[in-house]
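>>> everything below, folded, please.
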Amino acid sequence: MALSNIFNEPRREITESALGTIALVGILAVDYILSQGFYLLTGGPHGGCPVVLGMLVFVPLCMIWLIAIGLYFAHFLGEQICDFLAAMGLELRPKERRRG
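Just a heads-up that it's a prediction; the model follows:
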């Protein structure tokens, strides 16, 4: 989302910026909901954890989940491509596997 190529590819850059903004808003919305729940769980108005502090705690947790989901999806997509190539005759797996 650096907008470095805005004059050569304006549609792509604007789309990337819009999608990045939507993703960020989604992350912050989930973070806010989790921190509100944490606030209520820790006592709410009677000495509960402040919402801002809860948001600072849950941002890294949300990012870890997004990275984990992204890695899983990348692995799934790669496996589908390898299966497609195998069906076309290009087998990437070795015929003989080494035994421990």
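>>> most centrally placed residue in the protein?
Centroid-nearest residue in the chain, with Cα atoms, centre = their mean: L66, separated by 2.8 Å.
>>> which helices and strands does the helix ranked longest in the chain pack with?
Criterion DSSP state H: the longest helix present in the chain is helix 51-87. For helix 51-87, the elements it packs on are helix 10-41, judged by 3 or more Cβ pairs under 8 Å, 6 or more residues apart in numbering; DSSP states H and E. In this view, the C-beta of every residue, glycine as well, is placed from N, C-alpha and C.
>>> list the buried residues of the helix it packs on.
Across helix 10-41, burial judged by 16 or more other Cβ atoms under 10 Å covers E13, I27, V30, D31, L34, S35, F38, Y39.
>>> gap between it and the chain center?
Taking Cα atoms, centre = their mean, to the nearest Å, one finds the center of helix 10-41 at 11 Å from the center of the full chain.
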